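Student: sequence first, predicted coordinates after that:
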Amino acid sequence: MARIRQAVLAIAFFVCGSPALAQDGFVNVYEIPSNVSINVISNQLMHERLNKTIHHWDLYEAEQKAKKAAAAAPRAQVTGQGVSQLAAGLPKSEAAVGQAAYRQAFAYHEQVIRKFGLPSGDLGVGLASAVAGAWMAYNNKPFPDQYYVPLVEQMRQRAGGLQSLSAADRTVTYESLAVLGMLLASSQITWQRNPRAPGADALRAQMREQGGQTLTRMLETPPDRVGIGAAGVYPLR
């Protein structure tokens, strides 16, 4: 099985070459366009909705320590509300470009998860996509596609902490997490394609910082201790 060039994919505003998807794994066809500023990425990472998501998750983890597994969270309905809220947080001069990037990135995410037989609106999928993208950005490496589905299964056990979210909040949470993962993953792919391009050093530093922050916030583990394997994430010694 070919490795994922983008674990939870690339952002898409325009297509580099053919838009056709590969038969297996994630395909490396999109990258951050030059007219999408770093605010598009940093806005997603610091968005209030993600903070709220992590807050719900943290509360759940504290309450459920003794339990072996958490119940699956209800499925989110995909409406585009999350993407719209993300774009609303951008400066006015970047809102239109940012919203287009978010929408196309999210649409591509939905195509790809279907190739893995995964359902849309599954909060475990959203969490796994964010973790995988963050791991890529922090480590500056592609994500092995054979570990994505196991990571989803692992994250489903943690997604029970989001049961207290309203239906609208589940929608925004799922869409936000999916886009977050793609933005971080596409940063790594963009850098990898042209590591000597103007601004490449700054992009590498930015994606490492944001990937590390995301891993720390979501997994409560220093990013240099987050390993990825056949059972999902695990602490490195």
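Tutor: Happy to help now that I have it. Numbering: from 1, shown residues only.
Student: alpha carbons only for contacts and neighbour counts from here, please
Tutor: Noted.
Student: list the buried residues of stretch 135-153.
Tutor: 135-145, 147-153 (16 or more other CA atoms under 10 Å).
Student: same question for stretch 220-230.
Tutor: By 16+ other CA under 10 Å, the buried positions in stretch 220-230 come out as 221, 223, 226, 228.
Student: redo these as TSV? Include pLDDT, distance to V83 and secondary structure.
Tutor: Converted to TSV, the buried residues of stretch 220-230 look like this (pLDDT from 0 to 100; distance: CA to CA, whole Å; DSSP: H, G, I helix; E, B strand; the rest coil):
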residue	pLDDT	distance to V83	secondary structure
T221	92	28	coil
P223	96	27	helix
V226	96	28	strand
I228	95	28	strand
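Student: as CSV, these with distance to A202 would be great.
Tutor: Converted to CSV, the buried residues of stretch 220-230 look like this (distance: CA to CA, whole Å):
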residue, distance to A202
T221, 25
P223, 19
V226, 23
I228, 26
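Student: show me where the chain has its strands.
Tutor: 226-229, 232-235 (DSSP state E).
Student: dump those to CSV, plus distance to L180.
Tutor: Output for these, formatted as CSV (distance: least, CA to CA, whole Å):
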stretch, distance to L180
strand 226-229, 18
strand 232-235, 18
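Student: between those, which one is nearest to V131?
Tutor: With CA to CA, the closest approach to V131 among the strands of the chain belongs to strand 232-235: 8.9 Å.
Student: direction included, what does that closest one pair up with?
Tutor: strand 226-229 (antiparallel) (DSSP bridges).
Student: what's the partner strand in contact with?
Tutor: Strand 226-229 has contacts (CA atoms under 8 Å, 6 or more residues apart in numbering) with 135, 147, 215, 233-236.
Student: neighbour-wise, which one of these leads?
Tutor: W135 (30 neighbours; other CA atoms under 10 Å).
Student: and that one, what does it touch?
Tutor: For W135, the contact set (CA under 8 Å, 6+ apart) comprises 141, 143, 211-212, 215, 223, 226.
Student: pick the one among the residues you listed closest to L162.
Tutor: Using CA to CA, these come closest to L162 at L215, 17.9 Å.
Student: quick check: the gap between that closest one and T79.
Tutor: Here the criterion is CA to CA, to the nearest Å. By it, L215 lies 27 Å from T79.
Student: on that earlier part again, the contacts of W135 in helices, which ones?
Tutor: Of these, the ones assigned to helices by DSSP state H are 211-212, 215.
Student: state the pLDDT value of A69.
Tutor: Reading off the confidence values, A69 has pLDDT 38.
Student: what of M155?
Tutor: pLDDT at M155 comes out at 93.
Student: ok, now which ones touch it?
Tutor: M155 sits next to 124-125, 127-128 when contact means CA under 8 Å, 6+ apart.
Student: quick check: it vs G124, distance?
Tutor: 5 Å.
Student: repeat for G211
Tutor: Separation of G211 from G124 (CA to CA): 19 Å.
Student: looking at those two, which one has more neighbours?
Tutor: Between G211 and G124, G211 has the larger neighbour count (other CA under 10 Å), namely 30 against 27.
Student: these two touch, right, the more buried one and G133?
Tutor: Yes. Judged on CA atoms under 8 Å, G211 makes contact with G133 at a distance of 7.5 Å.
Student: report the longest helix in the protein, please.
Tutor: Scanning the chain for the helix with the most residues, using DSSP H, yields helix 167-193.
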